[in-house]
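> Build me a structure from this.
(one chain, ligands or ions: 1)
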Amino acid sequence: MNIEQQIEKLREQINQHNHQYYVLDDPLIPDAEYDRLFHQLQSLEKANPQLVTADSPTQRVGGKPLEAFGKITHQVPMLSLANAFSSEELRDFDRRVREKLNVEIVSYAVEPKLDGLAVTLMYENGRLVYGATRGDGTTGEEITGNLKTIPSIPLKLYGSVHPAILEVRGEVYMPKKGFEEFNRNAAAHGEKTFVNPRNAAAGSLRQLDPGVTAKRPLDIYIYALGQVDQGALPDNHTDVLHQLQEWGLKHSPLLDCVQGVEALQAYYEKIAGLRSALPYEIDGVVYKVNDYTQQAIMGFVSRAPRWAIAHKFPAQEELTTLEDIQIQVGRTGALTPVARLAPVFVGGVTVTNATLHNMDEIERKDVRIGDSVIVRRAGDVIPEVVGPVLAKRSTDTEKFVMPDSCPVCGSSVEKMPDEAVYRCTGGLYCAAQRKAAIRHFASRRAMDIDGLGDKIVDQLIERELIKTPADLYRLDLQSLAGLERMGEKSAANLIQALSDSRQTTFARFLFALGIREVGEATAVSLANHFITLGALFEASASEETLMAVPDIGPVVASRIKHFLQEPHNREVINQLISDDIKIHWPDPEKPALQPFSGLIFVLTGTLQGMARNEAKQQIQSLGGKVAGSVSAKTSYVIAGDKSGSKLDKAMALKIPVLDEAELLQILKNPLSLSDIQR
Ligand code: D41
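Numbering: from 1, shown residues only. The predicted structure follows:
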């Protein structure tokens, strides 16, 4: 084989692997092997520059930066697409087609409508000679050098027989993942980010230096023919697209051919359901009369074919005015800026609020009150402000500043240097934090109190009917029925729901407390590890004992410690499990070690270090019983300060008496009980 033949063979191999990889998604060789072939070709071409051709795979990024783009006049105009925004408009379209064609049912080629940039590719004798943007449909910009950098665009078609002139049209797009990666990178380097993948694709193709375009993750789907000369093609659209794919020009994998308007509607719904899972952005589906003879009968109106229509999804991005930025105070005191917007219909709903996440985000996006902003609502995701339209900004806007005191309670606001969030330091003094804490406590996955909605919680806090979760259980019918949006029936239902909620699980109870960093999973770990509240209370004295629990690290341990060692929190918890409220959960499976089984304890007087209930729980968890009065059966009396008649009776019956220090000791080390007997 001479050099020329070697080069030609390498080019064919590389083209084939490109096709397998980028068009068929089915690589035949590992990347490293591909790289070796490519490198081999590069070396041969370097040594023999006279043999380099424009369609060699090495020439994808060959072009030099341009001064400006040239103009291309489209021999066959690039038409636009009419839109249908509803099923009614879709039915109208199908009815017009059937009437004009005088048929009962029509075959349609169907595919998603990509949100990218329309381009045309001209092949002469199987070689890419130029590529251009759609422009105004008649003339576009010549961007051959940039298009050649897109790996899925063949520089040379596969197969040996193609029309001498073959022009195809398609949509260049940037996959979502590539878009996000590009933006992350750009942001990290302080460079310009793009607001959406569509702009990113357009911006990348508008680069004068193909070397820049080559670094952008772009791809293409072919969806139409342009000029075709000297060569036969099938007589319908889907067959043509399949033929083009064999030549290396790939179409959407979701391309289909369906019959009748019901099938169009079903396809629309199927693709709408797939939308968020697709690796690229789409904004609807496109239907085209499949038969070319029928297309010709339909003809055109102004600049759009009568035989095709785009059935659009509700827009996911709209423009509106940012009327105000308000601060919301969350359960942990975090201040979240919320955008108040002029109402706008986006993603299928009317949006008036959108999150701005945090101060870093506001600064990065530079959004200001009064700006025209792009609002985005994709799928079920909460609406967000994408960014301002700077061209529309008036001169008198000012940068937003975080208030230095809490807008709800006036406490000072602090920011940890390593955190993006600002926090209100008011804790449960702050009504906003109290409301959020109560809402969390009552939520479905916590105490599951049915009927305690946000509006009710707001009123209860504002009217100071409650301050803590424990107060909820002390509400009566009368005070509840006095609230707005609350009838007597719903008040009674709420009282019942509160009562029902008292039967819960240890893990739910822990989760409901709203300890920072303690989510459902951590609550379950804590419950499984400590079994009883008493054991958890005791362990919370030090981070080390807490860190013995799987998945609990120093940060979470410190949060738990602080929360449980806080006297106010302890008090609320003790109220919740007290005899008045009686929040309870099924007894845990008895621990293997039950050193107190068969023993009966009586508690008397006040304990200093723990509540009576806690002591009771801990004794029970070790298998002991706690009785209310002293009798001959009593094994031990635990006497705190100011114990009265029970202590006297114990003395009389010669029942051993332990003080608080001894109680702590036996709880810690139950086997030491025998040592303490007097
Ligand atoms: O996916 C698309 N964005 C898409 C655009 C598509 N799948 N099909 C299209 N078909 C046409 C006709 C019917 C005119 C050949 C189109 C477009 N046009 C189009 N894209 C931009 C302007 C027109």
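> C-alpha from now on. contacts and neighbour counts both.
Noted.
> could I get stretch 306-323 in PDB with only the CA atoms?
Presented in PDB, the C-alpha positions along stretch 306-323 are these (Å, rounded to 0.1, in the frame of the first residue of the first chain):
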ATOM      1  CA  ARG A 306     -49.300  23.900   5.200                       C
ATOM      2  CA  TRP A 307     -48.300  20.200   5.600                       C
ATOM      3  CA  ALA A 308     -46.400  20.700   8.900                       C
ATOM      4  CA  ILE A 309     -47.100  22.100  12.300                       C
ATOM      5  CA  ALA A 310     -45.200  22.400  15.700                       C
ATOM      6  CA  HIS A 311     -47.400  21.400  18.600                       C
ATOM      7  CA  LYS A 312     -45.800  23.400  21.400                       C
ATOM      8  CA  PHE A 313     -45.500  22.600  25.100                       C
ATOM      9  CA  PRO A 314     -46.400  25.400  27.500                       C
ATOM     10  CA  ALA A 315     -43.300  27.700  27.500                       C
ATOM     11  CA  GLN A 316     -40.900  27.000  30.400                       C
ATOM     12  CA  GLU A 317     -39.400  30.500  30.300                       C
ATOM     13  CA  GLU A 318     -41.100  33.800  30.200                       C
ATOM     14  CA  LEU A 319     -40.200  37.400  30.700                       C
ATOM     15  CA  THR A 320     -41.700  39.400  33.500                       C
ATOM     16  CA  THR A 321     -40.900  42.200  36.000                       C
ATOM     17  CA  LEU A 322     -39.200  41.600  39.300                       C
ATOM     18  CA  GLU A 323     -41.400  43.800  41.500                       C
END
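> Spell out which residues of the chain are next to the ligand.
79-81, 111-115, 118, 171, 223-224, 286, 308 (Cα under 6 Å from any ligand atom).
> mind redoing it with 5 Å?
The chain comes close to the ligand at residues Leu79, Ser80, Lys113, Leu114, Ala118, as judged by Cα under 5 Å from any ligand atom.
> Any of the residues you listed buried? List them.
Neighbour counting by 16 or more other Cα atoms under 10 Å classes Ser80, Lys113, Leu114, Ala118 among the residues of the chain next to the ligand as buried.
> Helices along the stretch 351-500 of the chain, start to end?
In the stretch 351-500 of the chain, the helices defined using DSSP state H, counting those that start in this stretch lie at 359-365, 431-442, 454-462, 469-472, 477-481, 488-501.
> Ramachandran angles for Asp324?
For Asp324, the backbone dihedrals (degrees, to the nearest 10) come out as phi -160, psi 160.
> pLDDT score for it?
You'll see Asp324 listed with a pLDDT of 94.
> ok, now Gln245?
Per-residue pLDDT puts Gln245 at 95.
> Show the low-confidence segments of this protein, by residue range.
When residues are selected by pLDDT under 70, those of the chain lie in 25, 62-63, 379-380, 588-593, 676-678.
> Can you pull up the most central residue in it?
Closest residue to the average C-alpha location of the chain: Val381 at 6.6 Å, with Cα atoms, centre = their mean.
> That one and Gly348: what is the separation?
Using Cα to Cα, to the nearest Å, Val381 is found at 12 Å from Gly348.
> cool, Lys9 as well?
From Lys9 to Gly348 the distance is 54 Å (Cα to Cα).
> Kindly reformat the helices of the stretch 351-500 of the chain as CSV containing mean neighbour count and distance to Ile638.
Listed next are the helices of the stretch 351-500 of the chain as CSV, based on neighbours: other Cα atoms under 10 Å; distance: least, Cα to Cα, whole Å:
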stretch, mean neighbour count, distance to Ile638
helix 359-365, 15, 55
helix 431-442, 24, 34
helix 454-462, 17, 40
helix 469-472, 19, 28
helix 477-481, 15, 40
helix 488-501, 17, 33
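> and these as CSV, adding distance to Lys561?
Putting those into CSV (distance: least, Cα to Cα, whole Å) gives the following:
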stretch, distance to Lys561
helix 359-365, 29
helix 431-442, 18
helix 454-462, 27
helix 469-472, 20
helix 477-481, 35
helix 488-501, 26
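> How about Met547: what's its closest non-neighbour residue?
Spatial nearest neighbour of Met547, chain neighbours left out: Gly553 (5.7 Å); criterion: Cα to Cα, 6 or more residues apart in numbering.
> For the ligand, see how far away the one you found is.
From Gly553 across to the ligand, the span is 50 Å (Cα to the nearest ligand atom, to the nearest Å).
> same question, Glu566
60 Å.
> Likewise for Thr532?
61 Å.
> Likewise for Lys415?
46 Å.
> Make 407 the first number, not 1, from now on.
OK, 407 is where the count begins now, so the last one is Lys821.
> For that residue, which residues are in contact?
Going by Cα atoms under 8 Å, 6 or more residues apart in numbering, Lys821 touches Val827, Tyr828, Arg829.
> Give me the neighbour count for Ala672.
Per other Cα atoms under 10 Å, the neighbour tally for Ala672 reads 12.
> what's the closest non-adjacent residue to the residue of the stretch 957-1084 of the chain found nearest the ligand?
In the stretch 957-1084 of the chain, the residue that lies nearest the ligand is Asp957 (47.5 Å; Cα to the nearest ligand atom). Computed as Cα to Cα, 6+ apart, the closest residue to Asp957 that is not its neighbour in sequence is Thr928, at 7.5 Å.
> For the helix or strand the one you found falls within, name the packing helices and strands.
Using DSSP states H and E, the element containing Thr928 is helix 926-936. Secondary-structure packing of helix 926-936 (3 or more Cα pairs under 8 Å, 6 or more residues apart in numbering; DSSP states H and E): helix 912-918.
> The same query, at a cut-off of 10 Å, please.
Contacts defined by 3 or more Cα pairs under 10 Å, 6 or more residues apart in numbering; DSSP states H and E place helix 926-936 against helix 912-918, helix 939-945, helix 949-953.
> could you dump the ones you listed to TSV with mean neighbour count?
As requested, these are exported to TSV (neighbours: other Cα atoms under 10 Å):
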stretch	mean neighbour count
helix 912-918	24
helix 939-945	20
helix 949-953	18
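> Turn those helices into CSV, including distance to Asp441.
Below are those laid out as CSV (distance: least, Cα to Cα, whole Å):
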stretch, distance to Asp441
helix 912-918, 54
helix 939-945, 59
helix 949-953, 50
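> before we move on, back to that, most widely separated two among the residues of the chain next to the ligand?
Largest separation among the residues of the chain next to the ligand by Cα to Cα: Leu485 and Leu520, giving 16.0 Å.
> quick one: the strands in the stretch 957-1084 of the chain?
Remark: strands assigned in the stretch 957-1084 of the chain by DSSP state E, counting those that start in this stretch are 1006-1010, 1031-1033, 1042-1045, 1063-1064.
> Throw those into TSV and include mean neighbour count, thanks.
Below are the strands of the stretch 957-1084 of the chain laid out as TSV (neighbours: other Cα under 10 Å):
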stretch	mean neighbour count
strand 1006-1010	23
strand 1031-1033	18
strand 1042-1045	23
strand 1063-1064	20
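> Switch these over to JSON lines; also include distance to Ala837.
JSON lines is the format used below for the strands of the stretch 957-1084 of the chain (distance: least, Cα to Cα, whole Å):
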{"stretch": "strand 1006-1010", "distance to Ala837": "38"}
{"stretch": "strand 1031-1033", "distance to Ala837": "40"}
{"stretch": "strand 1042-1045", "distance to Ala837": "41"}
{"stretch": "strand 1063-1064", "distance to Ala837": "44"}
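> To Gln465, which of the ones you listed lies closest?
Comparing these against Gln465 with Cα to Cα, the closest turns out to be strand 1031-1033 (86.0 Å).
> Out of the buried ones among the residues of the chain next to the ligand, which is nearest to Val667?
For these, the nearest to Val667 is Lys519 (17.7 Å; Cα to Cα).
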